[in-house]
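Peer 1: return a 3D structure for these sequence lines:
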Amino acid sequence: MAGSGTAHLRKEALLSVEHLDVTYSVGGRSKFTAVSDLSLDILRGETLGLVGESGCGKSSFGKAVVRHVPISAGQVRLGGNDISRLRGRELRTVRGDLQMVFQDPVSSLNPRRSAEQIIGQGLDVWKKGTRAERAEKVREVMEAVGLPYQPEAKRRRHEFSGGQCQRISIARALVMEPEVLVCDEAVSALDVSVQAQILNMLLDLRERYELTMLFIAHNLAVVKYISDRIAVMYLGKLCEIGPSGPLTDKPRHPYTRALLDAANLEHGPGEVLESPTEVDVQGQGDRDTPDDLAARGCRFRDRCPSAQAICGTTEPEIRMIDDGHFVACHFPLGGATAPAAGTPGGQS
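Peer 2: A predicted model of the protein is given here:
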């Protein structure tokens, strides 16, 4: 199946997600599968970029990782421990280890609370340290994200710009010292110049706090700038994954190539960034839903300029095509794939 399999997973990963399904109920009995049999992992201190068009399931994946939406099938392991079935008090014990920064920085903040109250709320709930220690931690992270404690601490949401609100959101996540930070389209709602500031700040924070991040975006230029590895999603499935440089220098999946064509990678981060949420791909059909295509071969085939008969009947397996570079495509760009899983040179 396209994007199925675990040949690309690493045993030493801090976060490992295997065969994840996320399914939503629509209109009573009808169901919609947003994420299908998706496996990804992240090493400690690594930033994995997850990219795809709007509606591909990347945000659902991120929310499932932090347990904000139900997991229909599969496992999420943090530090080797399966957290995908935790409930109640057991789930609350790991909440602090998985923090998320959301797309809309304004609506994610409580308008009735001051900046320091918003940032420190998690510390108060989990009773981390003494009151004085919690206050000092809030002061520290505010300074780290570029918000001077004085006079910003007592201000409320309406007194901040969009970029400042996102800095508060990031500080709220950082103060918990999370094992994994998930950024879900964290810069897409911001002005271009502010996007660059936030991206550079995240890079600095990654070094300072040794962060492990899942960075979700629709703009491949943004993802390349901040990520060590990049995973490309299409209609709930994994298309391609590999180191940031090789994947963007020599994409092997036609969809990755289309995303690259839609993004200007020659620009710096301050110039990046209005990228379309959908890409223009030469093909013979419109996009179907994941459930429409689930049993009929490759999900990208109706938009793929290289599609052949097998693409309509058999989903390609994820397989290694270069060192650390994996693709799910019958006819990858640049030549033949490596052996499939279960064959010599592959992984069963």
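Peer 1: which ones are touching V66?
Peer 2: The neighbours of V66, taking CB atoms under 8 Å, 6 or more residues apart in numbering as the test, are 98-100, 180, 182. In this view, the C-beta of every residue, glycine as well, is placed from N, C-alpha and C.
Peer 1: might one say that C304 is in contact with G297?
Peer 2: No. With contact defined as CB atoms under 8 Å, C304 does not count as touching G297 (10.7 Å).
Peer 1: so what sits against both of those two?
Peer 2: C311.
Peer 1: re the thing from before, tell me which two in the contacts of V66 are the farthest apart.
Peer 2: M100 and V180 (9.4 Å; CB to CB).
Peer 1: which one (most neighbours) among the contacts of V66?
Peer 2: Most neighbours among those, by other CB atoms under 10 Å: V182, with 27 neighbours.
Peer 1: so that residue, which of the three states?
Peer 2: strand (DSSP: H, G, I helix; E, B strand; the rest coil).
Peer 1: separation between it and Q121?
Peer 2: Going from V182 to Q121 by CB to CB, to the nearest Å gives 18 Å.
Peer 1: same deal with D228?
Peer 2: For D228 relative to Q121 (CB to CB), the value is 31 Å.
Peer 1: likewise V138?
Peer 2: Taken as CB to CB, the span from V138 to Q121 is 10 Å.
Peer 1: mind checking which of those two has more residues around it?
Peer 2: V138 (24 against 16).
Peer 1: residues contacting that one?
Peer 2: 116, 119-120, 123, 149, 153, 171, 175.
Peer 1: export those residues to CSV and tack on secondary structure and pLDDT?
Peer 2: Below are the contacts of V138 laid out as CSV (DSSP: H, G, I helix; E, B strand; the rest coil; pLDDT from 0 to 100):
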residue, secondary structure, pLDDT
E116, helix, 97
I119, helix, 97
G120, helix, 97
L123, helix, 94
Y149, helix, 94
A153, coil, 96
A171, helix, 98
V175, coil, 97
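Peer 1: most neighbours among those residues, please name it.
Peer 2: I119 (30 neighbours).
Peer 1: correct me if wrong: that residue contacts V175.
Peer 2: Yes. Contact criterion CB under 8 Å: I119 and V175 qualify, at 5.6 Å.
Peer 1: overlap in contacts of these two?
Peer 2: By CB under 8 Å, 6+ apart, I119 and V175 have these common neighbours: 138, 141.
Peer 1: now the element after the host helix or strand of I321, going C-ward?
Peer 2: Using DSSP states H and E, I321 sits within strand 319-322. Sequence order places strand 325-327 as the next helix or strand after strand 319-322, per DSSP H and E.
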